[in-house]
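In: need coordinates for the following:
(one chain, ligands or ions: 1)
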Amino acid sequence: MKIAIVGYGRMGHAVESALIARGHTVSAVVEPAGSTDAPADVYGEVSGTSLAGCDVAIEFSLGEAVVSNARAYAETGCPAVVGTTGWTYQLDEVRTTVETSDIGFVYGSNFSIGAHIFLAVSRYAASLVRNIEDYDLLIHEMHHKQKKDSPSGTALTLAQSVLDVVPRKRRIETGRLDRAPEPDELHVSSSRVGWVPGTHTLTMDSAADTIEVRHQARSRGGFALGAVLAAEWIIGKSGLYSVESFVQALLHEDQGE
Ligand SMILES: NC(=O)c1ccc[n+]([C@@H]2O[C@H](COP(=O)([O-])OP(=O)(O)OC[C@H]3O[C@@H](n4cnc5c(N)ncnc54)[C@H](O)[C@@H]3O)[C@@H](O)[C@H]2O)c1
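Out: Residues are numbered from 1 along each chain as shown. Below you'll find the predicted structure:
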C-alpha cells in the first residue's frame with residue numbers, strides 16, 4: 001500500500017520504519033515544520049495534492065490539527081488512521097465529517113496491540129478478586145520525563161475497568177496519598193523518569209501474596225505497528241472506528257466474532 005505519513009515527528013519516524021517493515025511505501029510526508037530526512041516529497045498540509053495516489057494516511061500530529069485534517073481526508077476520499085491525542089472533545093465534529101463521506105477513519109490514544117491485551121488480561125484478573133476482599137488493588141504507571149499528562153490515558157482506562165468489575169472500588173484517586181486509602185478508593189499513581197516509553201502495572205495485594213499484571217513498552221515501535229495494522233484493516237471500510245473496535249476485530253478474527 002502507499003501510505004502518507006502525516007506528522008513526521010517521533011511517532012511519524014516510528015511509523016515509517018513499521019510500514020516499510022510490512023512492505024508498504026511512503027507516498028508523501030505532511031510535516032509543516034519541514035524535514036531533511038523524509039523518504040518522500042514533503043508537504044505543509046493535508047490536501048488533494050499531498051494525498052494524491054495514497055491508499056491511506058497515518059497521522060500522529062497535534063490535537064489542534066485533527067479536525068481540519070479530517071475534513072481534508074473526507075474531501076479527498078482518503079481513509080485515515082489517527083493516533084494523535086488531545087482532540088476527542090471535538091469527536092462529534094469529526095464523526096459528522098467522516099459519516100457524511102465514504103472514508104474509514106480509525107482513531108485512538110493507544111495503538112499498541114500489547115497494551116490492549118494487557119488491558120483485557122488486567123480486567124479479567126481484577127474480576128477474579130471481585131468477591132475476595134483480602135485483595136486490595138493499585139495501578140502504577142511510569143513514563144519518560146517529557147510526558148505532559150498524568151496519569152496516562154491508559155492508566156485511567158484500566159482504572160475505570162477495575163471499577164467496572166470490582167464493586168467495592170467506587171472511586172479513582174490520582175493524587176499523592178498522605179493517609180491510608182479509603183476502602184472504596186482505587187489509587188492510581190504516576191512516576192516520571194528518564195526515557196521509559198511506558199510501563200503500567202496492576203497490583204493485587206493480600207496479606208498472603210502479591211499478584212502483578214504488567215505491560216512494559218520497549219519503544220514507540222508497538223504503537224507504530226498497531227497503526228500500520230489499523231491502516232491495512234481500514235481499507236474498504238467506511239465510518240468512524242475506535243482503536244478498541246479495530247483491536248477486537250484483530251484479536252478475534254479467526255473466531256468468527
Ligand atoms: N495513539 C498512540 O498510540 C500514540 C502513541 C504515541 C504518541 N501519540 C500521540 O501522537 C502525537 C504525536 O506524538 P509525537 O511524539 O510524534 O510528537 P512530535 O511532537 O514528535 O511530532 C508531532 C509532529 O506533528 C507535526 N505537526 C504539527 N501540526 C501538524 C499538522 N497540522 N499536520 C501534520 N503535522 C503536524 C509537528 O511539526 C511534529 O513534527 C501526540 O498527540 C501524542 O500524544 C499517540
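In: just the CA coordinates of stretch 192-210, formatted as PDB?
Out: The C-alpha coordinates for stretch 192-210 follow below in PDB (Å, rounded to 0.1, in the frame of the first residue of the first chain):
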ATOM      1  CA  ARG A 192       8.200  10.400  35.600                       C
ATOM      2  CA  VAL A 193      11.800   9.400  34.900                       C
ATOM      3  CA  GLY A 194      14.400   9.200  32.100                       C
ATOM      4  CA  TRP A 195      13.300   7.700  28.800                       C
ATOM      5  CA  VAL A 196      10.800   5.000  29.900                       C
ATOM      6  CA  PRO A 197       8.400   4.600  26.900                       C
ATOM      7  CA  GLY A 198       5.600   3.500  29.200                       C
ATOM      8  CA  THR A 199       5.100   0.900  31.900                       C
ATOM      9  CA  HIS A 200       1.700   0.100  33.500                       C
ATOM     10  CA  THR A 201       1.200  -2.300  36.400                       C
ATOM     11  CA  LEU A 202      -1.900  -3.600  38.100                       C
ATOM     12  CA  THR A 203      -1.100  -4.900  41.600                       C
ATOM     13  CA  MET A 204      -3.500  -7.000  43.600                       C
ATOM     14  CA  ASP A 205      -2.100  -7.400  47.100                       C
ATOM     15  CA  SER A 206      -3.300  -9.500  50.000                       C
ATOM     16  CA  ALA A 207      -1.600 -10.400  53.400                       C
ATOM     17  CA  ALA A 208      -0.600 -13.700  51.800                       C
ATOM     18  CA  ASP A 209       0.800 -12.700  48.400                       C
ATOM     19  CA  THR A 210       1.100 -10.100  45.600                       C
END
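In: give me the contacts around that stretch.
Out: Residues outside stretch 192-210 that contact it (C-beta atoms under 8 Å, 6 or more residues apart in numbering): 115, 118, 122, 125-126, 129, 132, 134-145, 147, 150, 152, 154-155, 158, 162, 211-220. (Glycine included, C-beta is placed from N, CA and C.)
In: end to end on stretch 226-241, go ahead and measure it.
Out: Stretch 226-241 stretches 14 Å from its first residue to its last (C-alpha to C-alpha, to the nearest Å).
In: how close does R22 get to the ligand?
Out: Here R22 is placed at a distance of 17 Å from the ligand (C-beta to the nearest ligand atom, to the nearest Å).
In: follow-up on the earlier one: report the buried members of the contacts of stretch 192-210.
Out: Buried subset of those (neighbour count, 16 or more other C-beta atoms under 10 Å): 115, 118, 122, 125-126, 129, 135-143, 152, 154-155, 158, 162, 213, 215, 217, 220.
In: those in strands, which ones?
Out: Among the buried ones among the contacts of stretch 192-210, the members falling in strands (DSSP state E) are D136, L137, L138, I139, H140, E141, M142, H143, V213, H215.
In: partners of the last one in the sheet?
Out: So that's H215. Beta-bridge partners of H215, counted by DSSP bridges, are H200.
In: ok, it - contacts?
Out: G114, A115, I117, F118, G198, T199, H200, T201.
In: end to end, how far does stretch 141-160 reach?
Out: End-to-end distance (C-alpha to C-alpha), stretch 141-160: 15 Å.
In: chain center to it: distance?
Out: Distance of stretch 141-160 from its chain centroid, counting by C-alpha atoms, centre = their mean, to the nearest Å, is 12 Å.
In: which residue sits closest to the residue nearest to the spatial centre of the chain, ignoring its sequence neighbours?
Out: A centroid search over the chain (C-alpha atoms, centre = their mean) returns N110, at 1.1 Å, as the residue closest to the centre. By the measure of C-beta to C-beta, 6 or more residues apart in numbering, the closest residue to N110 outside its immediate chain neighbours is T154, 5.3 Å from it.
In: is it true that the one you found touches A115?
Out: Yes. At 5.9 Å, T154 and A115 qualify as touching, with contact defined as C-beta atoms under 8 Å.
In: tell me the contacts of the residue in the chain that the ligand sits nearest to?
Out: Residue of the chain nearest the ligand, by C-beta to the nearest ligand atom: G9 (1.8 Å). The neighbourhood of G9, defined by C-beta under 8 Å, 6+ apart, consists of E31, F60, S61.
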